[in-house]
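Q: pasting the sequence and the predicted coordinates here, then a few questions.
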Amino acid sequence: MTVYLDHNATTPVRPEVFDAVLPWLREGFGNPNSVYASGQRARAAVERAREQVAALLGAGDASEIVFTSCGSESDVLAVSGAAWQSHDESNGRRRAIVTSAIEHEAVRLLCGQLRRRGLAVVEAPCDPEGATRVDACSALLNDEVALVSVMHANNETGVLQPVAEIAAAARGAGALVHTDAVQSLGKIPIDAKALGVDLISLSGHKVNAPKGVGALWIRRGVRLAPLITGHQEKNRRGGTENVAAIVGFGLACELARKELETAAAHALALRRRIEGGVLLIPGSRLNGHPERRLPNTAHFSFDGLDGHNLVVALDLEGLCVSSGPACSSGASSPSHVLTAMGVAPALASGSLRVSVGWGNTDADVDRLLGVLAGAVEKLRVAAVGS
Amino acid sequence: MSGGVDSSVAAALLAEKGDEVVGVTMKLLARGETGFGCCGSAADIDDAKRVCERLGISHYVSDMADVFESKVIRPYVESYLGGTTPNPCVECNRSLKFGHLLALAEAWGCETVATGHYARVEKGRLLKALDPAKDQSYFLYSLNARALSKAEFPVGALSKEAVRDKARRLGLRTADKVESMETCFVPGRDVRRFIEKSAGAGARGLAPGPIRDRTGIELGRHTGLASYTVGQRSGLGLSGGEPRFVVSLDPDENAVIVGGSEDVWSSSIIVGALTWTGPAGAARAEVRIRHRHEPAAAALEKLHDETVTVVFDEPQRAPAPGQAAVFYSWEVVLGGGTILRGENL
């Protein structure tokens, strides 16, 4: 049996969600924009899902949710849309984006592209424990900043970011604020209003919904230049809605909201056992703040081995974990997140991320701890021997 | 798995036999560099992945760019700069495929490492491939007994055509893929440019110098020792008279020595850095001095532990310092080493 401990990469679709999705791939295939009854039913299903997603953010107004195809699309719509909107509305004065040094590639690569297209992009550094520095971020703010984009929790280390503090400072400077909360959703409470941000990116497949659906929470009154033009989603995102996946996303959010406390406690208990066992291995260390992290994520480094090779070794033992973000598997260059934290390249390349989630048990942790020390030892011998 | 047809079929044959097989592609070039196939370019990795999907086996990419740089590319460049002609495939097989990768595979719990080489292993001895036209045992001579005990060459008993047929029958996308015949990490087969890029245009070995005949008379100018190989005729830029061939390269004088066609024949060569696949030492062997060279009968006279003089029964044309000399007893590889110099007639 395969043990899945990579819930930050993606998650299994819960059976309840699967069952809820199926009818919308069968008889419920209607286009939610159609006039007739089957279209209206589809539309109602999408709107119900919208309320379920909004509820998980504590947002009373479901119309602030726009459905997209994925978390990356939400990021691009938010960052690109807000940056250009603000740029244009200020007649080009607001032309800077402030972001963190540890963003997900979806934001990071986009910012690189926007920089090449003439916007200024500046990165606020993070501290050695993986949290973006509020003081450094504030120091970058001025009346030329269109948007501040800082993720809610880091996907690699799980370290929680001081988004509320950064948002307060950013709003004082008149900038819009975006946070990529893809990795936090369903793992810790997110209160959109209390955070004080304007835009929040979400993804379905990280919360036990199918792939192919994401959402962007857009605070009422905030205008974005659309990425995909069209009249759907109140002109904010064109394209026929992915009804089945949206229904699944909605239900997954409702389940996550109801189970948030128990799921977090369960994840934390498993994570603590994993950390206790892994850190007994000589030459191991935990990356990121010891406490201020997602309850489900533990990120380790091991001396004298390549994390990618460790992931292969564990896969051959039937264990799914990762050495870096799933998007860059195969490349052994150290992650930009660990580099930004000041982790030495040799240690950064020997990294392992374990992320637990729905369905994991103590037995799964036992399986991991049962083989990890041996795999680490063998790879170290191989690295020295050849 | 390079993403070529040979390693594709090697994997297929093992999987068909019922072995538990995982595919691995070594990523040998750093991001942004492009080689000429077989070095883990994005397209080759994709081909290997697709083949493994077809075979229903796992596939992994292992980044070995650092080791490849230090063990293969740098010595390759150094060799050219020093006026010798390197054989990077030998070192890649020894240090990467049956060094680094083998160690990794053992750590992963694998029992053997199989490649798409045309060679055979029987009872711990390395043998030529059954198809003499494809034989690659020359590039594998430096595997030691331990490596050979872990090595499998599933296509070594097949002809190239049989391998392609097998790939076609299995519907593998690599079935008709063009073979890479050149040094895989040198883009556009332009060795000179690669050396310049790696070592800098001012490096020794790239500096112009004299072309001399064997008596020391200057006949012209050369563009740097790195552009010449013993036995080479064209590209000397000499006009008139008899055809001239490179007889030797003299790094001390930065000179290219040329002579007539008869001057490139050697009756003996000094071979160093010896390795043996089995018991060390043999008094006689058939010696192959380059890929596709017909092994020539010779006596092996020991100079030191790691050096022998190979005395050919009949003189051989243009043994090039830096190339491998591989000792055979009929189809068995006994061992081999690096040609240090040839004794001209």
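A: That came through fine.
Q: list the contacts of A:Gly58.
A: A:189-194 (C-beta atoms under 8 Å, 6 or more residues apart in numbering or on different chains). In this view, the C-beta of every residue, glycine as well, is placed from N, C-alpha and C.
Q: repeat that for B:Pro210.
A: For B:Pro210, the contact set (C-beta under 8 Å, 6+ apart) comprises B:218, B:220-222, B:253-256.
Q: go again using 7 Å as the cut-off
A: Taking C-beta atoms under 7 Å, 6 or more residues apart in numbering or on different chains as the criterion, B:Pro210 is in contact with B:218, B:221, B:255.
Q: swap in A:Val354?
A: Here A:Val354 is in contact with A:5, A:274, A:298, A:321, A:368 (C-beta under 7 Å, 6+ apart).
Q: in strands, which of those appear?
A: Within the contacts of A:Val354, residues falling in strands by DSSP state E are A:Ala298.
Q: adding pLDDT, write the contacts of A:Val354 out as TSV.
A: TSV is the format used below for these (pLDDT from 0 to 100):
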residue	pLDDT
A:Leu5	98
A:Ile274	98
A:Ala298	98
A:Val321	97
A:Leu368	98
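Q: wait, which of the contacts of A:Val354 is closest to chain B?
A: A:Val321 (14.1 Å; C-beta to the nearest C-beta).
Q: hang on, isn't the closest one packed against A:Leu352?
A: Yes: contact criterion C-beta atoms under 7 Å: A:Val321 and A:Leu352 qualify, at 6.1 Å.
Q: so for the two, which sits in the more crowded spot?
A: Higher neighbour count among A:Val321 and A:Leu352: A:Leu352, with 26 against 22, using other C-beta atoms under 10 Å in any protein chain shown.
Q: any stretches of chain B with poor pLDDT?
A: Chain B contains residues with pLDDT under 70 at B:31-40, B:181, B:345.
Q: the helices in it, which residues?
A: B:5-17, B:42-55, B:65-68, B:74-81, B:88-91, B:101-107, B:145-149, B:160-169, B:191-199 (DSSP state H).
Q: go on, the stretch 251-386 of chain A?
A: Taking DSSP state H, counting those that start in this stretch as the test, the helices found in the stretch 251-386 of chain A are A:307-316, A:336-340, A:345-348, A:362-385.
Q: so which of these is nearest chain B?
A: Minimum separation from chain B across these (C-beta to the nearest C-beta) falls at helix A:362-385, 3.9 Å.
Q: give the buried residues for that closest one.
A: A:364-365, A:367-369, A:371-372, A:375-376, A:378-380, A:382-383 (16 or more other C-beta atoms under 10 Å in any protein chain shown).
Q: what does stretch B:299-310 give?
A: Those would be B:299-300, B:307-310, for stretch B:299-310 by 16+ other C-beta under 10 Å.
Q: returning to what we had before: what about the contacts of B:Pro210, which one has the most neighbours?
A: B:Ala255 (19 neighbours).
Q: ok, now how distant is it from chain A?
A: Going from B:Ala255 to chain A by C-beta to the nearest C-beta, to the nearest Å gives 40 Å.
Q: what's near enough to touch that residue?
A: B:Ala255 neighbours (C-beta under 7 Å, 6+ apart): B:209-210, B:212.
Q: in strands, which of the residues you listed appear?
A: Going by DSSP E, the strands hold B:209-210, B:212 from the contacts of B:Ala255.
Q: closest to B:Val51 out of the buried residues of stretch B:299-310?
A: B:Val310 (41.1 Å; C-beta to C-beta).
Q: any idea what that closest one is bridged to?
A: On the basis of DSSP bridges, B:Val310 is bridged to B:Ile269, B:Leu300.
Q: I'd guessed it sits against B:Ala297; true?
A: No: in this structure B:Val310 lies outside contact range of B:Ala297 using C-beta under 7 Å: 10.3 Å.
Q: just give the number of residues close to the spatially closest residue to B:Leu130 that is not a sequence neighbour.
A: Nearest residue to B:Leu130 in three dimensions, chain neighbours excluded: B:Ala157, at 5.0 Å (C-beta to C-beta, 6 or more residues apart in numbering or on different chains). Applying other C-beta under 10 Å, we find 15 residues neighbouring B:Ala157.
Q: with A:Arg14 instead?
A: 19.
Q: for it, give me its contacts.
A: Shown in contact with A:Arg14 (C-beta under 7 Å, 6+ apart): A:208, A:252, A:255, A:358.
Q: now with 6 Å?
A: A:Asn208 (C-beta atoms under 6 Å, 6 or more residues apart in numbering or on different chains).
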